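*Asks:* Below are the sequence and a predicted model for it; my questions follow.
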Amino acid sequence: MNKIILLLLLTFSFNAFTAKKNLELEALRIEFDTFITDDKYKPYAKTQKNKAKTAIEDLYKARGKLKEHAVYLARHELNSAKMMAEIEYLKQQIIFEDEKLEALNIEILKADAAVARWEADKAQLLLNLQAEETERERIEKQLALELASQKANEAEIKQAELEAAKAYAKKQEKVAALAKQEADLAFEEIDALRRQLESLAARETAEGMVMTLGDFVFDSASANIKQAAIDNFHKILEFIDGYPDRSIRIEGHTDSSGSEAFNLDLSQDRADAVKNLLIEYGIDSLRIEAVGMGESMPIADNNTEAGKAKNRRVEIIILNN
Amino acid sequence: MKPFINKIVSNFIPKVVMISLLTFISFNGLAKKFKVDKNTYFELEGAVNAVLASPVADSAPLEMKFIKEKLTLAKQAKADRDRKLEAQYTEQIYADIEIAKLRAELNQLNDVLLNKRDQVSEAQLYLKELQDRLK
């Protein structure tokens, strides 16, 4: 009987002892409460949280001393729940970061494109500047070349002008020399003419006193009296003045070159020219008769030049009254 | 008085004892049991070795240390033919393996997140540089 009473007492005391929550279980409960009230993990691992809750509640419901193994497994459920919540939280954070990164990458792409455009614009600008600079240098070079060419041309032109001037000067020298020669010749001719005129001598014929002017007095094949002859006509005038009361006949003669009619006209024209000159010098025109004889009265052989020269003449005859 | 007490004891004590025993059994004695047999340890050892050969071992070294220590205890329990203790260790080791895997995944995700945040920081910095260039 005593044993039975003792057994009862032991049983009641044992149940009372197991009903009491031990400290480890309390710690587990507090940890669980802290975990499920954490806002950070609220949305996550709900199934595992329930499992942990059930495991802890089972421990509370258990009577008697808590077995270490049961506590261990309950803690395992709690740790699993916490880790799963953390995993889900991390996954969510990774998704957030991915989205953020994606948005940033889009912004970077845009900015990259903008920078690339800016770089391209800058490069294009630089290219344009370089092209402009190159063009400017090319134009400067071209201008310099043109200037040099122009100077060269000017130099060439100057040289050419100089050479032309030299050539002209030489030519002018030649011309001057020729002119001088011509002048000398002219002077000589004039002098010769003057001497010839001065050396003219009258000869007496049946018709009267005759003074013969050679064809040197006229231009070739012309009735034009040379100026030098006109200037030196005083010998003839003196001859005429010696016989103021006599009539004068001027006869023109030619050689036989050319036609007879031409020679007749030429002789008449030459006779008229002498007549007009005498009139200009104050001889009365009524005293003067001019006659063209043509080639009809040669005084020398027309087959030689010397003869022809003699035949070309004008005779001034102071007629015997 | 004595006959009265004897009557009470003879009528009620067996019922109280029975109720108490039933209550005790329902809360303690009826807990889920992890049953072991002669292959349980070897299966457990294979599972542990598989985890040790996996990247989990590098990612959760502390957990693996506990698992290896507990495996030794399970082996000892098996050698001692203490089926109950072997069962408890086996159940705990499987739970620890699960925790180690979670820890490995957690560490890996942490690395990924840190890496992502680094990428975000670098991207933000690079974007700022680009924006500064455009100013």
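*Replies:* Arrived safely.
*Asks:* Quick check: which element contains A:Gln124?
*Replies:* helix A:68-198 (DSSP states H and E).
*Asks:* hmm, that helix in reach of chain B?
*Replies:* Yes. Using Cβ under 8 Å from any Cβ of the partner chain, helix A:68-198 reaches chain B at A:69-70, A:72-73, A:76, A:79-80, A:83-84, A:86-87, A:90-91, A:93-94, A:97-98, A:100-101, A:104-105, A:107-108, A:111-112, A:114-115, A:118. Backbone N, C-alpha and C define where each C-beta goes, glycine included.
*Asks:* Now for the closest residue in space to B:Val112 that isn't next to it in sequence: which residues touch it?
*Replies:* Closest residue to B:Val112 in three dimensions, ignoring its sequence neighbours and counting by Cβ to Cβ, 6 or more residues apart in numbering or on different chains: A:Ile94, at 5.7 Å. Each residue near A:Ile94 by Cβ atoms under 8 Å, 6 or more residues apart in numbering or on different chains is listed here: B:109, B:112-113, B:116.
*Asks:* Buried only: go through the residues of helix A:68-198 next to chain B for me.
*Replies:* A:69-70, A:73, A:76, A:79-80, A:83-84, A:86-87, A:90, A:93-94, A:97, A:100-101, A:104-105, A:107-108, A:111, A:115 (16 or more other Cβ atoms under 10 Å in any protein chain shown).
*Asks:* confidence score at residue 12?
*Replies:* Using chain A here. On pLDDT, A:Phe12 comes in at 47.
*Asks:* Switch to chain B, please.
*Replies:* pLDDT at B:Phe12 comes out at 53.
*Asks:* and if you look at the one 4 residues further on?
*Replies:* Reading off the per-residue confidence, B:Val16 sits at a pLDDT of 47.
*Asks:* same question, A:Asp245
*Replies:* For A:Asp245, pLDDT reads 89.
*Asks:* Verify the assumption that it is located in a helix.
*Replies:* No. Read with DSSP: H, G, I helix; E, B strand; the rest coil, A:Asp245 is coil and lies in no helix.
*Asks:* any idea where the helices of chain B begin and end?
*Replies:* B:2-24, B:40-52, B:56-59, B:61-79, B:83-134 (DSSP state H).
*Asks:* Which of these sits closest to A:Tyr243?
*Replies:* helix B:83-134 (129.8 Å; Cβ to Cβ).
*Asks:* name the helices or strands packed onto the closest one?
*Replies:* Contacts defined by 3 or more Cβ pairs under 8 Å, 6 or more residues apart in numbering or on different chains; DSSP states H and E place helix B:83-134 against helix A:68-198, helix B:40-52, helix B:56-59, helix B:61-79.
*Asks:* List the contacts of the residue most central in space within chain B.
*Replies:* Central residue of chain B (Cα atoms, centre = their mean): B:Ala95, 2.7 Å from the mean position. The contact partners of B:Ala95, taken as Cβ under 8 Å, 6+ apart, are A:72-73, A:76, A:80.
*Asks:* For chain B, state which of the residues you listed is nearest.
*Replies:* Using Cβ to the nearest Cβ, the shortest approach to chain B within these belongs to A:His76, at 4.2 Å.
*Asks:* Could you report the pLDDT at the closest one?
*Replies:* 94.
*Asks:* do A:Ala223 as well
*Replies:* So, for A:Ala223, pLDDT stands at 89.
*Asks:* which non-adjacent residue is nearest it?
*Replies:* A:Ala223 sits nearest to A:Asp269 (Cβ to Cβ, 6+ apart), 3.5 Å away.
*Asks:* List the residues that contact the one you found.
*Replies:* Counting by Cβ under 8 Å, 6+ apart, A:Asp269 makes contact with A:223, A:252, A:292.
*Asks:* May I have stretch B:60-67 exported as CSV, CA atoms only?
*Replies:* C-alpha atoms of stretch B:60-67 as CSV (Å, rounded to 0.1, in the frame of the first residue of the first chain):
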residue,chain,number,x,y,z
ALA,B,60,29.2,25.5,-45.1
PRO,B,61,32.5,24.2,-43.4
LEU,B,62,31.2,24.7,-39.8
GLU,B,63,28.1,22.7,-40.4
MET,B,64,30.1,20.0,-42.1
LYS,B,65,32.4,19.8,-39.0
PHE,B,66,29.4,19.2,-36.7
ILE,B,67,28.0,16.6,-39.1
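*Asks:* Touching it from outside, list them.
*Replies:* Against stretch B:60-67 from outside (Cβ under 8 Å, 6+ apart): B:48, B:51-52, B:56-57, B:93, B:96-97, B:99-101, B:103-104, B:107.
*Asks:* quick one: which two of those are the most distant?
*Replies:* B:Ile93 and B:Asn107 (20.3 Å).
*Asks:* who's more crowded, the two?
*Replies:* Shown here are B:Ile93 and B:Asn107; by other Cβ atoms under 10 Å in any protein chain shown, B:Ile93 has more neighbours (24 against 15).
*Asks:* And the more buried one, how far from B:Leu73?
*Replies:* Separation of B:Ile93 from B:Leu73 (Cβ to Cβ, to the nearest Å): 9 Å.
*Asks:* what's the overlap in contacts for those two?
*Replies:* Common neighbours of B:Ile93 and B:Leu73 (Cβ under 8 Å, 6+ apart) do not exist.
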